[in-house]
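>>> Structure for the following, please:
(chains A, B and C)
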Amino acid sequence: MPLSYTIAVIAIPLFMFLFLGLAGVKMSRKLTGVLGVIAMAVTTIIAYGVALTYFFGTGQDQVGADGVRQAVTVFNPAWLSFTDTMVVRMGILLDPIAAMMLIVVCTVSFMVHLYSLGYMSDHDGNAEQGFQRYYAYLALFTFSMLGLVVATNLFQIFVFFEMVGVSSYLLIGFYYSSPAANHASKKAFIVTRLADLFFLLGIMILSYYTQTFDFSQLVFGANGANDMAVAQSAIASAGGATFLGCSVMAWALTFIFIGGAGKSAMYPLHIWLPDAMEGPTPVSALIHAATMVVAGVFLVARLFPLYVLEQGAMEIICVVGAFTAFYAAAIACVQSDIKRALAFSTISQIAFMMTSLAVSSSNSAMIEIHGGTGLGYMASMFHLFTHAMFKALLFLCAGAIIHAVHSNENDKMHGLHKFMPITSIAFLIGCLAIAGIPPFAGFWSKDEILVAAYHKGFFWGLWMSMVAGMTAFHMFRIYFLIFFWKKHEIHTHHAPKDQPWTMTLPLIILATISIVAGFVPAHDLVTWNGKALETQLDWTVAGSSVLIALIGIALAYKLYYKENDLPERMKNGALGLWTAAYHRFYMDELYQFITHKVIFQGICVPIAWFDRHIIDGFFNMLASATGSASFAIRRLQSGSIQGYVYVYLLGVLLLAAVTMLCVLI
Amino acid sequence: MESVGNIILYFVIAISIIVFSVLTVTTRQILRSATYLLFVLFATALLYFQMDYEFLGAVQIAVYAGGIVVLFVFSILLTHKPGDDTPALTSHRRWLGITAAVASLALCAYAVFSFDAFGGRLMAAMPELTIDKIGHFLLSTDKLGYLLPFEAVSVLLLACIIGGVVIARKR
Amino acid sequence: MNLTLLMYLIPSLIMFGCGVYGFITRKNMIAIMISLELMLNSVDINFVVFNRYLFPGQMDGMFFTLFAIAIAAAETALALAIVINVYRAAKNVDIEQIRKLKF
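Predicted structure coming up:
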């Protein structure tokens, strides 16, 4: 196998996790960090080697005679055999999206590893408490995420889904002495676990009917690319079985989507992501902006042909995605905490990707009509790639700012442009990219998403364009509020400044990527069926989206560039709306109400009462009855041996008498 | 019809067994109690002789009368000062003992008397039981051999010796 | 007058009863063991008598008695060792005083 060295990409982070986790405490903090960065650099180089070989290598392994880019199964040993046909395997599968994800995960992870050297230290460069643990967790997360993207089957994806969930939990709760971080990590874990329960149900249903977990039998055709015919037969294996009026496959796929929605923070399972910002900022950049949160998108893309055939499930994804995109963008417009604002922006962008996947198949013929391709699929994956880069950039910038001013709140920042020029420019590049201004990365991917949405219907296109405008607005609102608005008041004893090179270098690298990533020929490389896709810029869509973005930016400029009372007046003009948005439309309160008032009070408390008083009570009664009975008869245990003998003798005599009676009669 | 000597011997044995047994458990001086036990054991040995089990009678005298009673006397002397009499029994205790004894006696007597099929048997002639015959049986592995119990008892005795040493030695 | 089996059983029976009585009424541990010896001895007599009267050609009863005597000797030695040990610990062989074996 030419790509067998892919195993190193997985193995190095795993080894580093074990090594840093076990031996880290014996080493100096700096050393563990440097080792972690070096190992990640090696991993990244190998991953680039793998991906570039996969995309641009000329071997027959990757591109078949018909120009179709094939999925390569590097190796795939059996791990658990349930039945003869249902075997859980653990392997490595390379196909366009997996190879692309390798690049994304490794790039961002490497940047974050490097950045954390500076971020997780104080201003004198001393690494903080738990540095070794931090790097061990980062390695664990990287390992899990890479294992997820190269998974060869649903079960492997599920296993690594759980593992990224665990490492996310560990990293959110990294500052475990802070109650907020503890709550946030618990919340993230519980919400994603709940979603994963549905994921597991979906896997069970799907594998029950298809008798396999392997993607190679679910979606990949003989030519090694996603194949409608194979997916058709997988769907048909259900034999038209239905449940509550929907086909079981639709149920299975919806459940799997719910699993992905939990990880990808789709409404209404998004509530954990803003709270997850309690973790260290580089972690937010890595896990909660660039990689783990797109696992749900990746999952849907993985099973894309199945979803295409089950339009019901696809419609749900479309509606949920479109709504989430709008909802999160609206909330992001009023958040005062920089990381939370970015978190909601992330939710909105991930929803973009979901919607894009969903609109790429508004009917199964759509894929064929539109140049024989799934434009939305390609756009979604492309956006995933570019978004990972510029959102990681934005988060790392935010981290640099937070590190400089020691606060997450906007009103502690203001006017930082003079103090932190590099950060400011990098942030601006990130904002331009996410707003979709050409030639930055976000423009190219978002434009294609909008085109795909307009293909589905004018309403969807308009809706997504509006969300894109809101994105531009709220991102520039943050930008202006942080870097301009008014003169910076120095709160701490030293003035904020650009951070050390370990933190600045990743910003520069990511900013560069954000500028050029749009020119990556994604339509040649990352398509649903492995065939190159012909696209040309649709100028009506592109022009209008740029125009909308510019309007959003102009609005933000007008409102937030210089200190003025317009925002305050607007806020007071629609105070109810503002407050609702600021409180995230009370979703957390709603959950709180449902879980505490309805579920805990209405269901759990009676059950607990029943358990404590009826079930426990019964056994307590048995125990206390035995206890009091033994207490009552303990006087018989007098310690007088003769008394015992006497009783014993009487017993023997009685037995003898009975025996004799029986013999005589 | 038995010989008169045998009958007289029987009565001597029976009466001494009964009398000395009762005295053993009723006397208030523990040393006397041991002495009466010795007499009972002698009477039992006599009974074995009358039954023509000479070897058994000899063992009874040697082991029981010569060994066990001496042990008893030793331990009594070790644990009692002279004139250290047992206090008189409370009537409660006595009645308890009497009821238990009478109940067991009654049951056994009823059993013995009701199975009268063999109660009236007479002693039959027995082939002479020489010591070498007993020795052969004791150490043979034939159908009627007793080698296994013999060995088991020897192990038991060893265990008892060790146990006795362990328990009684000073720490 | 004939010496029947029954006539030999009666002294043995009374000996057993005396043993029971002594065992229950006596307070001195050594006296209790003496009573125990009485009971054992009466059983021995029964073995021998039944053997002699019912199966004169065999020797099982005799051997049982033989082993019983050996075991009784061992048991007595051991029990007396315990009694002496108890005496060392409690300065007493009164069974009423040694009642640690209770609740």
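>>> Report the secondary structure state of the residue minimising distance to the centre of chain B.
For chain B, residue B:41 is the residue whose C-alpha lies nearest the centre (CA atoms, centre = their mean; 5.4 Å). Put simply, residue B:41 is helix when judged by DSSP: H, G, I helix; E, B strand; the rest coil.
>>> Would you confirm that it contacts residue B:63?
No. Proximity of residue B:41 to residue B:63 does not meet the contact threshold set by CB atoms under 8 Å, at 9.5 Å. From N, CA and C alone the C-beta is placed, and that goes for glycine too.
>>> Just list the residues touching the residue in chain B that chain C sits nearest to, thanks.
At 3.2 Å from chain C, residue B:25 is the closest residue in chain B, using CB to the nearest CB. For residue B:25, the contacting residues are B:33, C:18, C:19, C:21, C:22, C:25, C:26, C:31, C:34, C:35, C:38, by CB atoms under 8 Å, 6 or more residues apart in numbering or on different chains.
>>> so which of those residues also contact chain A?
For chain A, no contacts are drawn from the contacts of residue B:25 by CB under 8 Å from any CB of the partner chain.
>>> Those into CSV, with extra columns for distance to residue B:6, neighbour count and pLDDT?
What follows is the contacts of residue B:25, written out as CSV (distance: CB to CB, whole Å; neighbours: other CB atoms under 10 Å in any protein chain shown; pLDDT from 0 to 100):
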residue, distance to residue B:6, neighbour count, pLDDT
B:33, 31, 25, 91
C:18, 25, 27, 93
C:19, 27, 26, 93
C:21, 31, 26, 92
C:22, 31, 27, 91
C:25, 36, 24, 89
C:26, 36, 24, 87
C:31, 35, 26, 90
C:34, 30, 27, 93
C:35, 31, 25, 93
C:38, 25, 30, 93
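>>> Quick check: of those residues, which lies closest to residue B:68?
The shortest approach to residue B:68 among the contacts of residue B:25 belongs to residue C:34, at 9.6 Å (CB to CB).
>>> Name the nearest residue to the closest one, ignoring sequence neighbours.
Spatial nearest neighbour of residue C:34, excluding adjacent residues (CB to CB, 6 or more residues apart in numbering or on different chains): residue B:37 at 5.1 Å.
>>> Show the model's pLDDT score for residue A:489.
Note for residue A:489: predicted pLDDT of 68.
>>> next one: residue A:63
65.
>>> ok, now residue B:84?
Model confidence at residue B:84, given as pLDDT, is 67.
>>> burial count for residue B:110?
14 (other CB atoms under 10 Å in any protein chain shown).
>>> how far away is it from residue A:650?
16 Å (CB to CB, to the nearest Å).
>>> How about residue A:255?
With CB to CB as the criterion, residue A:255 and residue A:650 are 72 Å apart.
>>> Neighbour count: these two, which is higher?
residue A:255 (22 against 14).
>>> I figured the more buried one hits residue A:205, correct?
Yes. Here residue A:255 lies in contact with residue A:205, judged by CB under 8 Å, at a distance of 6.9 Å.
>>> Just checking the longest helix along chain C against chain B, any contact.
As assigned by DSSP state H, the longest helix anywhere in chain C is helix C:60-90. Yes. Residues of helix C:60-90 are located near chain B by CB under 8 Å from any CB, namely C:60, C:62-63, C:65-67, C:69-78, C:80-85, C:87.
>>> Just the buried ones from the residues you listed, in PyMOL syntax?
To isolate the buried subset of the residues of helix C:60-90 next to chain B in PyMOL, counting by 16 or more other CB atoms under 10 Å in any protein chain shown, use the following:
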select buried, chain C and resi 62+63+65+66+67+69+70+71+72+73+74+75+76+77+78+80+81+83+84+85+87
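>>> OK, contacts around the residue nearest to residue A:302 when sequence neighbours are not counted?
Of all residues not flanking residue A:302 in the chain, residue A:215 sits nearest, at 6.6 Å (CB to CB, 6+ apart). By CB under 8 Å, 6+ apart, the contact set of residue A:215 is A:71, A:93, A:151, A:152, A:153, A:154, A:302.
>>> Show me which pair in those is furthest apart.
A:71 and A:154 (15.0 Å).
>>> what are the ranges of the helices in chain B?
Taking DSSP H to define them, one finds helices in chain B at B:4-26, B:30-50, B:54-59, B:69-79, B:91-114, B:131-138, B:147-168.
>>> Having no further points to raise, I will conclude here.
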